[in-house]
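>>> Here is a sequence with its predicted model. Questions after.
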Amino acid sequence: MSLRRTAVLIVCVTFCGLFAVLYAISQSNIQASFNYLEREEVEEELTRGLKALESELSALDATTADWAVWDDTYRYLQDHNEDFLRANITVDSLQTIHVGLILLYDRQNQLVFGRILDAAAGTLAAVSPVLADRVAASPLLHRPESADKPLSGLVIVSGETWLLSACPVLTSQRTGPPHGTLVLGRRLDAAKLASLSSAVMLDLDVANLQTEGLSPRLKDVTAALLRTEQPQVVPEGPDRIQGFALLRDATNKPALLLSVALPRRIHQQSRLTQRNNFLFLLAIGMTFGLAMLYLVERRILSRVTSLSGQIDRLGEQPGTLHQTFIAGNDEIAGLSKAINGMLAALEHSHVRYAMATRAAKVGVWEYRKDTNTYYVDPSFQELLGARDGTGQIDLDAWMERVHPEDRERVREALTACLDGEHDEYVGEQRMLAKDGSLRWVLVRGRAVRDAAGKRTHFVGTNMDVTDLKRAEESIRELTGALITAQEDERARIARDLHDNVAQCLSAAKIAGETLHDGALLSTPELKARLTEFSSLISRAIWSVREISYDLRPPDLEYLGLPQALERLCDDFSRATGIRVVFSGAGLDGVVLGQDVAINLYRIVQEALANVRRHAKARQVSVRLVESFPKLIVRIKDDGQGFDVAAQQEQTGRHRHMGLASMRERAGLFGGTLRIVSASGQGCLVVAEVLYVDAKDLDHETHSDH
């Protein structure tokens, strides 16, 4: 992603995040404020409805007190004069005081008189016993005789809700004792609710909690009211909201749900405010974002893009030195100056690097498998006569420069490394220069992995080791000549010892044994001394022959390498008491040169000598195997073993020649010597040598053997 897109994305994400946070905070605050206002409004209107009911009860209390503190009412409860009833308890009188129920109880709360106004029929009807008993049992009538104030409350009987007011009956001068109680009542029906709603300009309604069939919604509201004892506000949608209050009857039991319904004006204002707030925040955010993008583009992105373009043009022409230029005195201009300094230092380092690589004949390489691009240091390409200044080269074209005899081996090793079998590659190969000359190259490489462990590319070095190879070849030839001269001198000395010294000693032995034949003065003492002299000469002859055999084993020349090694193992067992087992495989028909045979013999001889001196072994196995075009000899013992790396370091430090001589002898014939050992695990020596000359390999195959 480009820097410009990144900047735009950051600004957009920042704007969206800030907008979302600010909008959420403002919306939360606005919504909470408007919800509080709406609830407060509903509770205020609900309070007005409750106060309307209280006013209704207060007016009823006043009327009840007016009728109860009256001499005529007081006398009626004493004498039960019907004239009082005919004169005062009429349809007109009850309608005048807006009363639908009148009850008179004596001091024992027994009903003396009771009538219900039927407004529709315009008549007075007798009170039902249920209503009379319910009122008589209510707390309205059960209070101390000293109480002379009206007491009001709700009573629900047979589905009808009554607003009742009870007052003790006293004389007009409020003297007593009370002769009973006057109860006046008004129905709380639809007409009364409509009248109250009109008076307070509210939509009031009540629900009877003492009847069956109450809706689940009202049940939930009732439960909340009983739990909190606080008014409940319940929205009914986006346009209407209700408030509920609990009304208890005269016995303090839940009786009615008073509800007030209001249009959601505050909620609608809240939605309008939220919409305006959204547009306001959006406008401010867009203005801020565009201004920020303009400033970032003007002061940063355009200048960084210009600097990036200049750097890209530097990469397109790596052979020339350029500089970048950004006007100003800020960080980007400072970065341009720093890049110019780095370019100068890089050019200086490049010159020194080129000088060093040319002097050391070393070049770096890089291969990317995903793009199949191969880069070789141009200075190293020049060693092979190439003139590509970029260093990019096709891998197949590079492989064509590998010597045909090495090409397949190198390709297989590289394929194994590229396929993930190995992380490192080290190998020597011959390269063909453009002028036809041959160069030896040591190639080292390593796989580079990303953070996830996946291979991304390979890097390494090419080193021209032609001079080193020539020096090694010269040393190998000199070493071979020295070893050959040494073996020739050993053979000559062995022949001289065998043909001359041994023969002379044999003649001396025979002459000594014949001295006493026919001698007149032969005595036992003389015979004993002559016999001892003959024995000494015999031991000298045996020693000379052993020395001659060690210098040049005759079995190697007359019987061949397998039989010579077998005899060497037998002699070693007899001399040391260590059991040695010799075996051979694939040796039928194999013809070995004397140089190969004597050097393999010396390797086994030195290995057995090391076993005798250091191994403390009980058993040794020697195995000779032919694997065209190589001979492989393995010497394994069950001794105490040793640390190979530490032993090699000690050998180089103290100039011990045993192992070094074994390696040199194997290397004379293009072979190798490998030692595998660990403390307490014995030792294995494996020598591999070519017994067929390289020029004969083209004429022989493995199937020939």
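Received, thanks. Numbering: from 1, shown residues only.

>>> Need the contact partners of stretch 221-240.
Residues outside stretch 221-240 that contact it (C-beta atoms under 8 Å, 6 or more residues apart in numbering) are 38-39, 42-43, 46, 209, 214, 217, 241-246, 254, 257, 261-264, 267-268, 271. For the C-beta atoms, the positions are set from N, CA and C on the backbone; glycine is no exception.

>>> can we see that at 6 Å?
Stretch 221-240 has contacts (C-beta atoms under 6 Å, 6 or more residues apart in numbering) with 39, 42-43, 46, 241-246, 264.

>>> pull the CA atoms of stretch 275-282 into PDB?
Output of stretch 275-282 as PDB, limited to C-alpha atoms (Å, rounded to 0.1, in the frame of the first residue of the first chain):
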ATOM      1  CA  ARG A 275     -30.300  14.200  13.500                       C
ATOM      2  CA  ASN A 276     -29.100  17.800  13.600                       C
ATOM      3  CA  ASN A 277     -26.200  16.700  15.900                       C
ATOM      4  CA  PHE A 278     -25.300  13.900  13.400                       C
ATOM      5  CA  LEU A 279     -25.200  16.400  10.500                       C
ATOM      6  CA  PHE A 280     -23.200  18.900  12.600                       C
ATOM      7  CA  LEU A 281     -20.600  16.400  13.600                       C
ATOM      8  CA  LEU A 282     -20.400  15.000  10.100                       C
END
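
>>> rewinding a little: tabulate the contacts of stretch 221-240 in TSV, adding columns for neighbour count, distance to residue 444 and pLDDT.
Conversion of those to TSV gives the following (neighbours: other C-beta atoms under 10 Å; distance: C-beta to C-beta, whole Å; pLDDT from 0 to 100):
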residue	neighbour count	distance to residue 444	pLDDT
39	16	82	90
42	24	87	90
43	17	88	90
46	23	92	90
241	22	84	91
242	19	87	91
243	23	88	92
244	21	89	93
245	20	93	93
246	19	93	91
264	20	83	87
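
>>> Sort out for me which of the residues you listed are in helices.
In helices, defined here by DSSP state H, the members of the contacts of stretch 221-240 are 39, 42-43, 46.

>>> Need the pLDDT of the most centrally placed residue in the chain.
For the chain, residue 452 is the residue whose C-alpha lies nearest the centre (C-alpha atoms, centre = their mean; 10.0 Å). As predicted, residue 452 sits at a pLDDT of 81.

>>> next one: phi and psi at it?
phi -90, psi 0 (degrees, to the nearest 10).

>>> same check, this time on residue 165
Backbone phi and psi, for residue 165 under degrees, to the nearest 10, turn out to be phi -140, psi 130.

>>> okay if I get the ones in helices among the contacts of stretch 221-240 as TSV plus distance to residue 180?
What follows is the ones in helices among the contacts of stretch 221-240, written out as TSV (distance: C-beta to C-beta, whole Å):
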residue	distance to residue 180
39	47
42	44
43	41
46	38
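
>>> From those residues, pick the one nearest residue 471.
Comparing the ones in helices among the contacts of stretch 221-240 against residue 471 with C-beta to C-beta places residue 39 closest, at 101.3 Å.

>>> give me the number of residues near residue 538?
By other C-beta atoms under 10 Å, 13 other residues sit near residue 538.

>>> per-residue pLDDT, it?
Residue-level pLDDT assigned to residue 538 equals 78.

>>> excluding its backbone neighbours, what's nearest it?
If the residues on either side of it in the chain are set aside, residue 538 comes closest to residue 509, at 6.2 Å by C-beta to C-beta, 6 or more residues apart in numbering.

>>> same deal with residue 424?
Residue nearest to residue 424 in three dimensions, not counting chain neighbours: residue 446, with 5.3 Å by C-beta to C-beta, 6+ apart.

>>> Then residue 356?
Spatial nearest neighbour of residue 356, excluding adjacent residues (C-beta to C-beta, 6+ apart): residue 362 at 7.9 Å.

>>> And residue 371, its phi and psi?
The phi/psi pair for residue 371 (degrees, to the nearest 10) is phi -100, psi 0.

>>> Kindly format the C-alpha coordinates of stretch 576-587 as CSV.
What follows is stretch 576-587, C-alpha atoms only, in CSV (Å, rounded to 0.1, in the frame of the first residue of the first chain):
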residue,chain,number,x,y,z
THR,A,576,48.9,-58.7,20.4
GLY,A,577,46.3,-61.3,21.4
ILE,A,578,43.5,-59.0,19.9
ARG,A,579,41.1,-61.0,17.8
VAL,A,580,41.0,-59.6,14.2
VAL,A,581,38.4,-60.8,11.6
PHE,A,582,39.2,-60.1,8.0
SER,A,583,36.6,-60.3,5.2
GLY,A,584,36.4,-59.3,1.5
ALA,A,585,33.6,-58.9,-1.0
GLY,A,586,33.5,-58.3,-4.8
LEU,A,587,37.2,-58.8,-5.2
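
>>> average pLDDT for that stretch?
90.

>>> Flag every buried residue along it.
By 16 or more other C-beta atoms under 10 Å, the buried positions in stretch 576-587 come out as 578, 580, 582, 584.

>>> between those, which is closest to residue 82?
residue 578 (154.3 Å).

>>> and that closest one, backbone torsions?
Here residue 578 shows phi and psi, under degrees, to the nearest 10, equal to phi -90, psi 130.

>>> And the spatially closest residue to residue 132 that is not a sequence neighbour, what's its pLDDT?
Nearest residue to residue 132, sequence neighbours excluded (C-beta to C-beta, 6+ apart): residue 111, at 4.6 Å. Looking at residue 111, its pLDDT reads 92.

>>> Then residue 513?
Reading off the model, residue 513 has pLDDT 67.

>>> Make sure the residue nearest to residue 538 is actually in contact with residue 536.
No: using C-beta atoms under 6 Å, residue 509 is not in contact with residue 536; the gap is 9.1 Å.

>>> how much space between the residue nearest to residue 538 and residue 226?
Computed as C-beta to C-beta, to the nearest Å, the residue 509 to residue 226 distance reads 140 Å.

>>> again, but for residue 329
Per C-beta to C-beta, residue 329 is found 77 Å from residue 226.

>>> Please, where are all the helices along the stretch 101-250 of the chain?
129-137, 190-200, 216-228 (DSSP state H, counting those that start in this stretch).

>>> how about stretch 35-48: buried residues?
Buried-residue list, stretch 35-48, by 16+ other C-beta under 10 Å: 38-39, 41-43, 45-46.

>>> List the neighbours of that stretch that are in contact with it.
Outside stretch 35-48, the residues that touch it by C-beta under 6 Å, 6+ apart are 200, 202, 231, 233, 243, 245, 260, 262, 266-267.

>>> Check stretch 7-19 too.
By C-beta under 6 Å, 6+ apart, stretch 7-19 touches 281, 285, 289, 292-293, 296, 301.

>>> Now compare the residues you listed and name the two farthest from each other.
281 and 301 (26.6 Å).

>>> which intervals of the stretch 501-650 of the chain have sub-threshold pLDDT?
502, 512-513, 515-522, 545-546, 548-552 (pLDDT under 70).

>>> Would you map the helices across it?
Ranges of helices in the stretch 501-650 of the chain, per DSSP H, counting those that start in this stretch, are 502-513, 524-551, 554-558, 561-576, 594-610, 644-654.
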